[in-house]
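1. Got a sequence here, can you model it:
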Amino acid sequence: MNSFAFRCLFLADVSQQEVDKDLYSRTIAALGEDVVRAVASSTVFISGLNGLGCEVAKNVLLGGVKVLTLHDSKDITLWDLSSQFYLSEKDIGKNRAAASLPKLQELNTAVVVNVQTAPLNTEMIKGDYRSTLVIVLVSPLTGIISINNFCRSQTPPIKFIRVDVRGACGQIFADFGPEFVVNDVNGENPHSGIIYHVSNDKQAVITVPNDEQVEFGIGEWVTFKDVEGMTELNNLPGPVKVVDTAMYNFKVDLDTTSFGKYERKSLNRYGTVIEAKLPKKLEFKSLEENIKNPDFSRDPNQFNGVFDFDKFGRPELLHLVFNALDEYQRQKGDLPATQDAAAADALVQIAKDCKAKNGFDVEIDESIVRKISRTARAILSPMASIFGGIVGQEVAKAVSNKHHPVYQYVYLDSIEMLPDYDSMLPEEVQPTGSRYDAQITVFGRSFQGKLGALNLFMVGCGALGCELFKNFAMMGVACGPNGKVTVTDDDVIEKSNLSRQFLFRNYNVGQSKSIAATTAIKEMNGNIRVDANQDRVSPNTEDVYHDKFWSGLDCVVNALDNVKARQYVDARCVFFEKPLFESGTMGTKCNTQCVIPHKTINYGGRKDPETKEAPECALHNFPHNINHCLSLGRSEFIGIFDTKASEAAKYIMDPNYKNEMSSKIWGADGSELPDAQSKAKEANEILDGIIELLCDGMVKSFEDCVVWSRLKFEEYFTNKIKQLIFSCPKDMVNSSGAPFWSPPKRFPTMLEFNADDAMHMNFIIAASNLKARLYNVSDYKETRDPSFFKPILASVVVPEFQPKDGVKIETGERSADDRDSNSNTDALQQVKNKLAKLPDLKSHPNLKVSPMEFEKDDDTNFHMDFISAFANLRARNYSIEEVDKLQARLIAGRIIPALATTTSMVTGFVCIEMIKYFQNPDKAVFKDLQANLALPMFMQIDPESAPKTEDLKTIPADGFTVWDKIVIDKGDLTVQEFVDFWKNEYGVTCTAIGVQIGDAAIAFYNQFMQGTKKNLPCK
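-> Below is the predicted model of the structure:
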């Protein structure tokens, strides 16, 4: 192919760096808007569009750079198709970069994408768009050194990354210039704490409230804000160091003996202490220097580059081997031929020569060197996913100075997944002329056939599912005549998915994820056999995913985003003794877990730490951070427009609604049913909501909706505060005699409505539009124009509110009076009164209520407008810092931070463990993963064994694990025969039998419950 350069012309104007917050909401949640903006201003150059290069390019495009240049002077061969997912057999002979362009461009049409096909030179890097970062994959070492030195010579230096995958191992080298400052090493939100007291000492002791715990560690640095009395803390020249910690206090290296005395003067504020993120300066050395003298002590994790404690010394060995491969390529003109014993011998000798020449202090394991030599030409799809994900995240670090970059080498390997070549017939690892040849030369023809025949179940088809699907297609999983991937996902594609779920495009929005992904994956490999479903895997779909289905599976791969679904799939895998490959991501963090029958602990065997929830009294009466305000705002939205509206809609649609509710409390003869009191309590809550919507809050016009919104404003932000202040005055003390309004409580102030205040109007506009949509008001026309609302608001008569004595305020302190306060309430009579109060629907023949399910990602539906305005107004009540709508969406929408880079990497590790299992599950050395791309850290650890129950009398006598079970194949037994079986076979008495129905276990037989003995003759 002739050398040429071109660029796509159908792109959007990239000069405008406005961030699409709908598209990148999950990325912003993970990295921050500042990082997304920095990436959107960057120019990246990638040289080498093999499988690894395509993976890097995919992640860079999804990240949203300004300009991407794809360079490759090589043409496509059959060998490329084992890992390059945007090429096919029809592309063989074309230039790799040019052929990859159309599919890559589809990932993000807002990015200018250039292609260069001439031999690599520095003019390309300078070009029309000066590169911010250069990533080089496939070039001779001398050329790479030359490019690196050129990048270092520029002002400012162009960041540089070299990345290579050689069979089962890979290398990353990063050089971000002689002086690179990391502004935020780990990207975690700074710890903060409420100050209860500060001592006047040589080393000041800061005390926090008893219901808060110190989160600062020794060696961290902190600053102070809003401190009263000891105001000197607010104006320190810089952060101070934490030197000691306890549960409720910590000590800082600061002499406060001459400072004022700490005191809290304002009840609506208090001092806070905040972790200070100190910048870290890094001095990168050139590739030329590092090759001869790598310094693994620079590893920010302080593990000397080791990410698997079974592989101490492995980084040094891999560095030597990669140097030897570069030298072999210089001498021979190419990498060692696959499965060539003579070439392996030559590489061993070159490695020894390199060691002697450079003085490397490393012990050469010749068996590892030979295995690397035999497989060095192969780029395996899982390895490309791993290294493509890591490098993709390094791009964001390079241009934003956020998170710790690779400093300066990362070496990772999975040599343990390679077979014993000495025991294999030579023809087993010879190419067959198929797209899987690179993989066949590593694992063999028989193994390739085994992969093609797999019957695999992938649960979920979002970000994880897309990346797993890609790897399956490249590896040839279920691509044989007897193979099948069953995939299911009941979700549909949203715009926010497009920044990381790379199989989907704009035209897929609204479509089924599993079906759209299947269509896309068949374009990558038309031989993959897929059964795409849209059923949620749960007890409710066991008629779809029945015993025969589970029994026929070879393995299960979870691609889920919630714990409950994971636990259910895990339980099914344990019962049917199927291997489960589990993974999850949270921003830059991720993990994998191998669940191997009878070898490892299952997913449900581990307990995640419980999430600390704010008490109800904090949400409703004593918020002290914006999260509390947003949680209440979301709760109010769901309560009015979803929960209560749904019940009101049922009442309107069901003429028998009253009778059905009554029948749950009273029998046909009017007598109370056994659980009448609890059912009456539930009914009262439901009826209150219906009465609120169909009696007290009924509207007939859009103007009525505006009036309702104004009165709601008064209720939320004025009247409730008046009542709280009346019931809990400033001088109130708690049961121990201490001031009631002590930190973390903030004394509130009422808001006075002001139509010229934008936030006040935001609430009115959102609430009015939602109310009109809820009731399908006939004269409703959506508007956000304040001038429409102001005249109506001016005429609203707001009733004067007078606080009442005896109103109970939930404070978090419980007493016997509190617990018994409702014991004498006639809940049954209340139900009767409220049923009688329900409106006669005959007088409202056209009444219709349309409940709204909370949707955080639609800016036109007013949902987040309502919640954001509510939260910020409540924040004003309590002098809490307000947030913009994006931050409100991230918090109230409970948006999980997500990145394409993390997902790409973690699925590569999952597929490596699958390869190990299907080679030999009994001999495989499995590894779980705990990783954080921000650090960067990739700890591979041995899976935990399945715990054995041994402290009781057990069957078998030596204990059992969750994987063990006793199969009784005695025909159709009665309950009595089943009980007798245990006595006769094992000498134990069966005292009870429970049958699980959904999440509950129902006692079918219990020898201590006379009523269940009638079931003994039953089958």
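
2. rest of the way, CA atoms for contacts and neighbours
-> Fine.

3. mind listing the helices for the stretch 901-1019 of the chain?
-> Secondary structure of the stretch 901-1019 of the chain, counting by DSSP state H, counting those that start in this stretch: helices at 975-986.

4. Neighbours of F469, how many?
-> Neighbourhood size, F469 [other Cα atoms under 10 Å]: 25.

5. Go ahead and confirm it touches K522.
-> No: using Cα atoms under 8 Å, F469 makes no contact with K522, being 9.9 Å away.

6. Now for those two: what residues contact both?
-> Common contact partners of F469 and K522 (Cα atoms under 8 Å, 6 or more residues apart in numbering): none.

7. tell me the mean pLDDT for stretch 269-285?
-> Averaged over stretch 269-285, pLDDT sits at 95.

8. Quickly note the distance from the closest residue to E106 other than its chain neighbours to N304.
-> Distances taken as Cα to Cα, 6 or more residues apart in numbering place R505 nearest to E106, at 7.5 Å, with adjacent residues excluded. Per Cα to Cα, to the nearest Å, R505 is found 42 Å from N304.

9. Looking at those two, which is more packed in?
-> Using other Cα under 10 Å as the criterion, R505 and N304 rank with R505 on top: 19 against 16.

10. Looking at R330 now. What's its pLDDT?
-> We have a pLDDT of 95 for R330.

11. check contacts around the residue lying closest to it once chain neighbours are set aside.
-> With sequence-adjacent residues excluded and distances taken as Cα to Cα, 6+ apart, R330 is closest to P140, at 7.1 Å. By Cα under 8 Å, 6+ apart, the contact set of P140 is D326, Q329, R330.

12. what secondary structure does the last one sit in?
-> What DSSP: H, G, I helix; E, B strand; the rest coil gives for R330 is helix.

13. what's the burial count for it?
-> 14.

14. got it, and the first one?
-> If you count neighbours by other Cα under 10 Å, D326 ends up with 19.

15. going forward can the numbers begin at 670, since that is how I track them
-> In the new numbering, first residue 670, that becomes D995.

16. can I assume it is in contact with T811?
-> No: with contacts counted by Cα under 8 Å, D995 stays clear of T811, the gap being 9.2 Å.

17. Show me where the stretch 1320-1469 of the chain has its helices.
-> Going by DSSP H, counting those that start in this stretch, the stretch 1320-1469 of the chain shows helices at 1326-1332, 1345-1360, 1371-1383, 1389-1396, 1427-1444, 1455-1463.

18. Deepest-packed of the ones you listed, please.
-> helix 1427-1444 (a mean of 23; mean count of other Cα atoms under 10 Å).

19. what's the average pLDDT for that one?
-> 98.

20. just checking, what packs against that helix?
-> helix 1371-1383, helix 1455-1463, helix 1532-1546 (3 or more Cα pairs under 8 Å, 6 or more residues apart in numbering; DSSP states H and E).

21. Run through who's touching that helix.
-> Residues outside helix 1427-1444 that contact it (Cα under 8 Å, 6+ apart): 1310, 1314, 1368-1371, 1374-1375, 1377-1379, 1382, 1422-1424, 1449, 1451-1453, 1455, 1458, 1516-1521, 1530-1532, 1534-1535, 1538-1539, 1541-1542.

22. So, low pLDDT: which residues of the protein?
-> By pLDDT under 70, the weakly predicted segments of the chain are 670-686, 1278-1281, 1482-1494, 1620-1622, 1666-1670.

23. Could you chop it up by domain?
-> Domain segmentation of the chain under the TED database yields 861-945, 1293-1480+1493-1548, 1644-1682.

24. picking up where we left off before, gap between the residue nearest to E775 and R1039?
-> 44 Å.

25. The nearest residue to A1147 once chain neighbours are set aside - how many residues pack around it?
-> Distances taken as Cα to Cα, 6+ apart place G1121 nearest to A1147, at 4.3 Å, with adjacent residues excluded. Neighbour count of G1121, defined by other Cα under 10 Å: 24.

26. thought G1121 was touching N1151?
-> Yes: applying Cα under 8 Å, one finds G1121 in contact with N1151, separated by 7.4 Å.
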